[in-house]
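Q: Using only what follows, build the 3D model:
(one chain, ligands or ions: 1)
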Amino acid sequence: MELKEVREGLARILVPKAERIYDAPVFYNPLMALNRDISVLALKALGSRRVLDALSATGIRGIRYALETPAGEIWLNDINPNAFRLIVDNVKLNFSGELEIEGKMAVLEGEKTLVVTNADANRLMNEQFRYFDFVDLDPFGSPMEFLDSALRAVKRRGVLAITATDTGVLCGAYRNACLRKYLAEPIRGELCHEAGLRILIGTLVRYAAKYDLGVEVLLAYYRDHYFRAFLQLRNGAKTADKSMKQLGYLYQDESGKFEFENTFLPSKATAHGPLWLGPLKNQEFVEELHRLSAEHPLGSKKTQKFLGLLKDELEVPFFYDTHAVARRHGLEVRKLAGVIEILYEKGYKATRTHFSPTALKTDAPFEEVLEALRELQ
Ligand SMILES: C[S@@+](CC[C@H](N)C(=O)[O-])C[C@H]1O[C@@H](n2cnc3c(N)ncnc32)[C@H](O)[C@@H]1O
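A: Numbering: from 1, shown residues only. Okay, here's the model as predicted:
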């Protein structure tokens, strides 16, 4: 395998030289630096000790966790033998000390303990029952095939960090796949990304509830064709019931107006979901990540700005995309800032949203958003 060295955060990592990322013998995507930055900041803020990077590829994520956060014991796993060998080399490149290799496992004991394994992630997570404070799933496509095992490997008050790159499925391009994997009806159109993220979280909540685990969303977002969610687990049947009560359904009519209902079963056949209707962030947590991003060696120049956008975003379910509203009502597109200003003057809250550069989140009713656009014609 031909290799080159890259730097990200405090890590030096050997990655395969390849024309296209999916042709490489071990997967590495430089675009995911922002995802890894936010994960490093989250782990730093949480202070979790025992961490599993279950689908590690080059090891870049787990090695950054070891170098840049207070985590004391970090496991890096991949089923691909080439990945295992590369992770071992990358651990050696970043840490001094003796790495003891025995078959499909390598252990480095030092200031930090690093454990590298070449196993099926489900098998490893089932063997390490309730062992980890923080479990990271960063798969190709959907995380669903790993979810039950992750919910068993993580401690009952631990944190799950989950990526999903199957946006076509969660956003309704492949409806049947969404029904199969997430047992949910997706939506097409301008709300598909937020609905997709909320379908993903809704499914995670239902899976956690089986184990009498409740879920608090520390942060969840959509970016660069993937979803990412950090979930704080809460122990007990009552907290699981509370989380389940935050599930519900979304409805949208042809005018673009939407509504949602917090019910276990939908009242109408046109429902989209079930999906999570609770918050997508813990405000203090996001403010802390934003603050930390100013002083941390980041891998992507875009991370701090993106965290700022997430921090300032109004916490209400769903948004109005001004381009979509204008199109649906035969109006001219107008600047988002102008619409936000009119709503502000009328006493409503309104902010930009990370889901779309042309959309706003507001507590104003749909008619007021439409009226604001009309005023600007
Ligand atoms: C998207 S890549 C991970 C990228 C990495 N987390 C990063 O930040 O660069 C997914 C990895 O999962 C590994 N994988 C796929 N199925 C697996 C399984 N059942 N058990 C363990 N690893 C698996 C693949 O070999 C691949 O390296």
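Q: The helix or strand hosting residue 218 packs against which elements?
A: Secondary structure from DSSP states H and E places residue 218 in strand 213-223. Contact here means 3 or more Cβ pairs under 8 Å, 6 or more residues apart in numbering; DSSP states H and E; on that basis strand 213-223 packs against helix 33-46, helix 192-210, strand 226-235, helix 237-244, helix 283-293, helix 303-312. The way it works is simple: take the backbone N, C-alpha and C, and place the C-beta from them, glycine included.
Q: Direction included, what does the third one pair against?
A: Taking DSSP bridges as the criterion, strand 226-235 pairs within the sheet with strand 154-164 (antiparallel), strand 213-223 (antiparallel).
Q: And it, what's buried?
A: 226, 227, 228, 229, 230, 231, 232, 233, 234 (16 or more other Cβ atoms under 10 Å).
Q: In CSV, list the residues you listed along with pLDDT and distance to residue 68.
A: Formatted as CSV, the buried residues of strand 226-235 follow (pLDDT from 0 to 100; distance: Cβ to Cβ, whole Å):
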residue, pLDDT, distance to residue 68
226, 98, 21
227, 98, 23
228, 98, 18
229, 98, 21
230, 98, 16
231, 98, 21
232, 98, 21
233, 98, 24
234, 98, 27
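Q: re earlier: could you dump the strands paired with strand 226-235 into a markdown table and include distance to residue 321?
A: Formatted as a markdown table, those follow (distance: least, Cβ to Cβ, whole Å):
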| stretch | distance to residue 321 |
| --- | --- |
| strand 154-164 | 22 |
| strand 213-223 | 14 |
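Q: Nearest to residue 343 among those would be which one?
A: strand 213-223 (23.3 Å; Cβ to Cβ).
Q: ok, now which ones touch the residue in the stretch 251-377 of the chain that the ligand sits nearest to?
A: The minimum distance from the stretch 251-377 of the chain to the ligand, using Cβ to the nearest ligand atom, falls at residue 299 (10.5 Å). Neighbour list for residue 299: 8, 9, 33, 34, 36, 37, 64 [criterion: Cβ atoms under 8 Å, 6 or more residues apart in numbering].
Q: Give me the phi and psi for it.
A: In terms of degrees, to the nearest 10, the main-chain angles of residue 299 are phi -90, psi -20.
Q: mind checking pLDDT for it?
A: The per-residue pLDDT reported for residue 299 equals 96.
Q: Same question for residue 61.
A: pLDDT recorded at residue 61 is 98.
Q: my guess is it contacts residue 36, does it?
A: Yes. The pair residue 61 / residue 36 is scored as a contact, 5.4 Å apart, by Cβ atoms under 8 Å.
Q: out of these two, which sits in the busier spot?
A: residue 61 (27 against 24; other Cβ atoms under 10 Å).
Q: Dump the buried residues of strand 226-235 into JSON lines; add distance to the ligand as well.
A: Formatted as JSON lines, the entries for the buried residues of strand 226-235 read as follows, by distance: Cβ to the nearest ligand atom, whole Å:
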{"residue": "226", "distance to the ligand": "10"}
{"residue": "227", "distance to the ligand": "13"}
{"residue": "228", "distance to the ligand": "11"}
{"residue": "229", "distance to the ligand": "15"}
{"residue": "230", "distance to the ligand": "15"}
{"residue": "231", "distance to the ligand": "17"}
{"residue": "232", "distance to the ligand": "21"}
{"residue": "233", "distance to the ligand": "21"}
{"residue": "234", "distance to the ligand": "26"}
